[in-house]
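A.B. asks: Fold the stuff below for me.
(one chain, ligands or ions: 1)
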Amino acid sequence: FLSGVEVLSNEIEELVSTLPREKLWDGLYSYQYQGFSVPSTVFHSMIFFQRHFQARDTDVILVSIPKSGTTWLKALIFTIVNRSRYSLAESPFLTSNPHELVPFLDKDYMKNQSSIDQDLSSPRILATHVPYASLPHSTVSCNCRIVYICRNPLDQLISFWHFMLALNQEKTEFFPIEKAFEMACQGVLFYGPFWEHTLGYWKASLEESNKILFLKYEDLKEDINFHVKKLAEFLGFPFSVEEERQGVIEEISKFCSFDNLKNMEVNKSGKLPVGHQNSIYFRTGKVGDSINYLTSSMSERLEKLVEDKLSGSGLTF
Ligand code: A3P
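C.D. replies: Purely as a prediction, here's the structure:
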């Protein structure tokens with residue numbers, strides 16, 4: 001007899017063979033599925049997550065397109081909601097990268113289903129890159145909270161491109177920026193099209209502002225303390241007057257800042273269980289870095305495309 005996972009594998013092998021795909025490197029593809037682009041490395045596990053994951057009312061689900069500030073938000077959310085459990089001096093982030101403490105459901109749920117299902121933390125803090133329309137049903141129907149983080153699409157693209165290069169250093173083939181750029185414009189870069197991903201959560205956040213908090217990387221960079229306070233209120237863990245007076249908001253902002261996390265020994269020399277260096281999640285952490293990599297005509301083309309796609313929605317970058 002075949003196990004549930006084996007049955008799923010056979011079915012998915014067949015499905016995969018019918019899907020349009022874009023090649024990044026040999027063995028690494030972006031598949032077109034349900035109107036978005038799924039990395040070949042998570043295809044099976046993402047479908048398992050879509051079909052089997054049961055969200056709880058108390059869950060906090062962080063959603064992003066890769067390279068939009070996921071690592072930052074994992075650290076912020078975990079630190080805010082667990083602040084009475086761990087002081088900053090004994091924070092688990094001193095010894096673990098944010099991706100070890102907050103699982104990425106698209107990949108990790110299939111592998112660690114029982115530990116995630118049996119996790120009694122309230123809230124569980126979990127993350128995914130799946131678009132709103134493709135989320136598991138329970139995530140949308142229950143009262144869990146969703147935090148969505150997005151970023152200027154030009155900077156997101158450049159961050160993605162560097163991340164891919166860092167992950168695939170052993171490949172002799174080069175992944176040119178022109179190719180990544182074309183894929184972004186075609187909407188076939190991982191979890192794209194960018195505009196559909198952001199619009200899906202943008203519209204849902206307008207309809208259900210108590211359930212979905214829509215954030216932009218650039219706004220957090222501009223005023224992190226304001227956003228830490230807002231996040232805490234949204235998550236149901238508001239700061240007391242006393243905490244505000246003691247400067248707890250500022251301490252958390254500083255603790256989760258790019259420079260502080262990047263310079264922790266665990267993030268300078270540690271590795272994730274999958275083998276990635278933790279350091280690849282901390283590159284420059286700046287707004288506007290795309291200007292150093294895209295020509296002005298490339299920037300204008302992608303900006304115009306995104307502007308057209310978002311027009312009338314009230315969302316701009
Ligand atoms: P850059 O490549 O532009 O530096 P993700 O966490 O979604 O993978 O996104 C990674 C991007 O967020 C990288 O951008 C990374 O440097 C930046 N980043 C990581 N931690 C951050 C933090 N604490 N504050 C701000 N940016 C951070």
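A.B. asks: Tell me how far stretch 34-53 lies from the chain's centre.
C.D. replies: Put simply, stretch 34-53 sits 14 Å off its chain's centre (Cα atoms, centre = their mean, to the nearest Å).
A.B. asks: Give the buried residues for it.
C.D. replies: By 16 or more other Cβ atoms under 10 Å, the buried positions in stretch 34-53 come out as 36-50, 53. From N, CA and C alone the C-beta is placed, and that goes for glycine too.
A.B. asks: Just these: which are in helices?
C.D. replies: In helices, defined here by DSSP state H, the members of those are 43, 44, 45, 46, 47, 48, 49, 50.
A.B. asks: Let me have those in TSV, extended by distance to the ligand.
C.D. replies: Listed next are these as TSV, based on distance: Cβ to the nearest ligand atom, whole Å:
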residue	distance to the ligand
43	19
44	22
45	18
46	17
47	22
48	22
49	18
50	21
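A.B. asks: Dump the residues you listed into a markdown table; add pLDDT as well.
C.D. replies: Below are those laid out as a markdown table (pLDDT from 0 to 100):
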| residue | pLDDT |
| --- | --- |
| 43 | 95 |
| 44 | 93 |
| 45 | 95 |
| 46 | 96 |
| 47 | 95 |
| 48 | 94 |
| 49 | 97 |
| 50 | 96 |
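A.B. asks: show me where the stretch 151-300 of the chain has strands.
C.D. replies: Here the stretch 151-300 of the chain has its strands, by DSSP state E, counting those that start in this stretch, at 212-216.
A.B. asks: what does it have sitting close to the ligand?
C.D. replies: For the stretch 151-300 of the chain, the residues found near the ligand under the criterion Cβ under 6 Å from any ligand atom are 155, 159, 162, 256-258, 261, 281-285, 289.
A.B. asks: Nearest to residue 274, out of the buried residues of stretch 34-53: which one, please.
C.D. replies: residue 41 (9.8 Å; Cβ to Cβ).
A.B. asks: OK, contacts around the closest one?
C.D. replies: 28, 107 (Cβ atoms under 8 Å, 6 or more residues apart in numbering).
A.B. asks: Distance check, it against the ligand.
C.D. replies: The spacing between residue 41 and the ligand, counted by Cβ to the nearest ligand atom, to the nearest Å, is 15 Å.
A.B. asks: any idea which element residue 84 lies in?
C.D. replies: Residue 84 belongs to no helix or strand when assigned by DSSP states H and E.
A.B. asks: Grab the most central residue of the protein for me.
C.D. replies: Geometric centre of the chain, nearest residue: residue 64, 3.5 Å, by Cα atoms, centre = their mean.
A.B. asks: could you flag which of the residues of the stretch 151-300 of the chain next to the ligand are buried?
C.D. replies: Applying 16+ other Cβ under 10 Å to those flags 155, 159, 162, 256, 257, 258, 261, 281, 282, 283, 285, 289 as buried.
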